[in-house]
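Enquirer: Could you work out the structure for the sequence below:
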Amino acid sequence: MKVTPSNFIQEIKEPIQKLRAQLQKKYDFVSVLVTDSIAKTYSVSKSQISMRENTDFGSGGCVLKVERNGQFTEFSFNDFSPEFLASVDGRLEEQFDMLQSGKILGSLCEASMYKVPDEQTSQGVYSSEYEISPLEYGEEKLLERVKGIYQLVRDVDERIFDCNVRFEFQKMSKLYLSDRKELEQNLMWSSGMIQPLVQKGKETKFYYDTFSILGGAELLEQMERKAEQIGKTSLDLLNTKSITPGLYDVICMPEVTGILAHEAFGHGVEMDMFVKDRALAKDYIGRQVASELVTMHDGGTAYPETGFYFFDDEGQMAGDTIVIDRGILKQGICDLQSAMSLGAAPTGNGRRESFERKAYTRMSNTFFEAGTSTLEEMIASISHGYLLECAVSGMEDPKNWGIQCMVNIAREIRDGKLTGEIYSPIVLTGYVPDVLKSISMVSDNLQLSGSGCCGKGYKEWVKVSDGGAAVKAKVQLS
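Expert: Predicted coordinates for the structure are as follows:
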């Protein structure tokens with residue numbers, strides 16, 4: 001089934017169109033983005049059972065962007081009463097006066113940096129699909145399913161003394177209007193997490209697995225199927241060793257590959273960082289930065305996951321950007337203003353946390369393309385190394401291309417076989433091009449995960465997914 005349009009947006013569409021037409025008479029360019037969102041989170045652990053509205057994923061409101069003589073400003077609001085809409089024109093004039101007088105800081109650019117977007121005429125209503133609507137399924141039934149997953153994990157072993165289970169969803173609708181565009185999109189995603197906590201004596205460890213889809217409450221079935229196995233895997237962490245620091249052959253499972261794609265290279269090719277000279281990648285366009293086996297994608301429509309969208313928050317249609325093509329850095333990703341500043345084509349990556357926040361260049365679905373090797377072949381190729389899984393966190397340095405990733409499990413490989421020995425916790429570090437150039441095998445499976453969010457600027461958050469194939473590489477572990 002397709003996600004239905006927002007009643008709220010349909011109700012205010014006509015007055016917003018009239019407001020835009022009124023403003024168009026005195027400004028060179030006027031665009032409007034209207035958003036409406038409902039998001040809820042269901043959580044169960046030993047200490048709490050909760051259901052809450054999730055305001056982290058935005059709410060309903062509008063942002064106006066107007067341009068005159070090469071200068072532009074934005075104005076956001078969520079009051080749609082006739083009285084307030086009638087006052088918007090005057091409020092914009094006051095804001096322009098204050099910007100030009102220097103009384104407040106704002107988005108003023110020289111005409112050479114900002115011009116009216118060269119838009120193609122386009123109209124359309126776009127909707128993603130789902131199988132089970134969380135809104136129609138019912139809050140009590142959703143919470144009972146989450147409680148059932150919690151119990152499935154706890155029943156595995158008494159050493160699992162607690163388990164955090166979370167299911168969340170968002171239904172989001174957006175309307176974009178400008179001189180030549182009238183676009184609507186309706187999206188729904190769902191994500192979840194299962195995190196057992198295990199204990200032996202005074203030793204306490206945690207493990208977790210995540211779930212996400214471009215869809216609805218059908219995700220709960222995936223969580224139920226894996227719950228028992230996740231509980232069993234968590235017990236492995238009660239018998240771990242500390243690794244001897246060194247350079248090793250490793251196999252990064254898709255969730256670890258996702259950290260590499262997102263943290264190691266994704267942030268480094270966000271082109272607003274090119275404008276600010278904060279990313280080394282801008283000097284490497286057209287140069288080899290990875291193994292010939294590596295092709296990296298980013299794009300709102302590149303993969304059907306939680307980072308999916310049909311058009312971005314600046315009215316640019318989303319696509320599939322090939323960032324790295326067989327080891328060669330081809331291009332970055334950008335928002336509209338960065339594209340104008342750099343003389344580049346927009347890639348549809350201008351995204352806002354909400355109508356109250358500015359648009360930055362943001363990743364969407366970021367991943368390494370699948371290769372031709374099986375996981376069994378990759379394991380068999382290693383004389384001594386580790387299979388890395390359960391990525392915990394990552395940090396990047398786009399200016400110097402350094403990376404640091406935390407991984408919860410490293411399974412030892414000797415003579416092409418898993419020994420059963422497990423090491424934890426693990427820190428993966430390195431210089432990004434060295435890590436990517438060392439990739440010698442890429443698996444034939446592809447898996448993305450989008451249970452989290454990406455922060456940027458003043459920690460504005462947007463939903464993203466990342467991952468790809470498993471890769472064999474040589475990295476520093478400690």
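Enquirer: in the helix or strand where residue 226 lies, what's buried?
Expert: Taking DSSP states H and E as the criterion, residue 226 maps to helix 219-236. By neighbour count on 16 or more other C-beta atoms under 10 Å, the buried set for helix 219-236 is 219-220, 223, 226-227, 230-231, 233-236. (Glycine included, C-beta is placed from N, CA and C.)
Enquirer: those strands in the stretch 101-250 of the chain, which residues are they?
Expert: In the stretch 101-250 of the chain, the strands defined using DSSP state E, counting those that start in this stretch lie at 122-127, 160-177, 181-200, 203-206, 209-213, 240-241, 246-252.
Enquirer: Which of these comes out lowest on mean pLDDT?
Expert: Among the strands of the stretch 101-250 of the chain, strand 203-206 carries the lowest mean pLDDT, a mean of 89.
Enquirer: what about stretch 416-433, average pLDDT?
Expert: 94.
Enquirer: Give me the residue ranges of the protein where confidence is low.
Expert: 58, 102-117 (pLDDT under 70).
Enquirer: Quick one: the buried residues of helix 219-236 as CSV, columns for distance to residue 386 too.
Expert: CSV is the format used below for the buried residues of helix 219-236 (distance: C-beta to C-beta, whole Å):
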residue, distance to residue 386
219, 30
220, 33
223, 28
226, 23
227, 26
230, 21
231, 23
233, 16
234, 19
235, 20
236, 14
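Enquirer: which among the residues you listed gets closest to residue 319?
Expert: Closest approach to residue 319 among the buried residues of helix 219-236 (C-beta to C-beta): residue 219, at 26.0 Å.
Enquirer: and residue 464, what does it touch?
Expert: 262, 306-307, 362-366, 450, 452-454 (C-beta atoms under 8 Å, 6 or more residues apart in numbering).
Enquirer: Which one of these is nearest to residue 159?
Expert: The closest of the contacts of residue 464, once distances to residue 159 are taken by C-beta to C-beta, is residue 452, at 27.5 Å.
Enquirer: residues contacting residue 185?
Expert: By C-beta under 8 Å, 6+ apart, residue 185 lies in contact with 125-127, 173-174, 309-311.
Enquirer: filter these to the buried ones?
Expert: 126-127, 173-174, 309-311.
Enquirer: Kindly indicate which of those lies nearest residue 240.
Expert: The closest of the buried ones among the contacts of residue 185 to residue 240 turns out to be residue 309 (C-beta to C-beta; 40.0 Å).
Enquirer: Which elements pack onto the host helix or strand of residue 94?
Expert: If you go by DSSP H and E, residue 94 is part of helix 82-101. Where contact means 3 or more C-beta pairs under 8 Å, 6 or more residues apart in numbering; DSSP states H and E, helix 82-101 is packed against helix 7-24, strand 61-68, strand 71-77.
Enquirer: cutoff 6 Å now
Expert: Secondary-structure packing of helix 82-101 (3 or more C-beta pairs under 6 Å, 6 or more residues apart in numbering; DSSP states H and E): strand 71-77.
Enquirer: List the strands paired with the strand it packs on, with their directions.
Expert: Strands that pair with strand 71-77, judged by DSSP bridges, come out as strand 61-68 (antiparallel).
Enquirer: got a list of contacts for the partner strand?
Expert: 27-34, 74-78, 355 (C-beta atoms under 6 Å, 6 or more residues apart in numbering).
Enquirer: What number of residues are in the vicinity of the closest residue to residue 41 other than its chain neighbours?
Expert: Excluding its sequence neighbours, the residue lying closest to residue 41 (C-beta to C-beta, 6 or more residues apart in numbering) is residue 168, at 4.1 Å. As a burial measure, residue 168 scores 22 neighbours (other C-beta atoms under 10 Å).
Enquirer: How about residue 213?
Expert: 22.
Enquirer: Equivalent analysis for the one 4 residues further on, please.
Expert: Burial measure for residue 217: 23 neighbouring residues, criterion other C-beta under 10 Å.
Enquirer: For stretch 431-451, measure first residue to last.
Expert: Counting by C-alpha to C-alpha, to the nearest Å, you get 27 Å between the two ends of stretch 431-451.
Enquirer: quick one: buried residues of that stretch?
Expert: Result for stretch 431-451 [16+ other C-beta under 10 Å]: buried residues 432-433, 435-439, 441-443, 446-451.
Enquirer: Report the distance from it to the chain centre.
Expert: How far stretch 431-451 lies from its chain's middle: 17 Å, per C-alpha atoms, centre = their mean, to the nearest Å.
Enquirer: and if you look at stretch 46-56?
Expert: Distance, stretch centre to chain centre, for stretch 46-56: 22 Å (C-alpha atoms, centre = their mean).
Enquirer: Now do the end-to-end distance for it.
Expert: Using C-alpha to C-alpha, one end of stretch 46-56 lies 24 Å from the other.
Enquirer: which residues sit against it?
Expert: Around stretch 46-56, the neighbours that count as contacts under C-beta under 6 Å, 6+ apart are 39-43, 139, 143, 162.
Enquirer: Over to stretch 123-131?
Expert: Residues outside stretch 123-131 that contact it (C-beta under 6 Å, 6+ apart): 2-3, 182-188, 214-216, 218, 310.
Enquirer: repeat that for 10 Å
Expert: 1-5, 169, 171-175, 180-190, 213-219, 221, 301, 304, 308-311, 317-318 (C-beta atoms under 10 Å, 6 or more residues apart in numbering).
Enquirer: from the residues you listed, which would you call buried?
Expert: By neighbour count, with 16+ other C-beta under 10 Å, those hold 3, 5, 169, 171-175, 181-190, 213-217, 219, 301, 304, 308-311, 317-318 as buried.
Enquirer: Show me where this protein has its helices.
Expert: 7-24, 82-101, 134-137, 139-154, 219-236, 254-259, 272-275, 336-342, 375-380, 432-437 (DSSP state H).
Enquirer: so the longest one versus strand 71-77, what angle?
Expert: When you say that, I think you mean helix 82-101. When axes from the mean of the first three to the mean of the last three C-alpha atoms, to 10 degrees is applied, the directions of helix 82-101 and strand 71-77 differ by 150 degrees.
Enquirer: May I see the buried residues of helix 82-101?
Expert: Neighbour-count burial for helix 82-101, counted by 16+ other C-beta under 10 Å, picks out 85, 88-89, 92, 95-96, 99.
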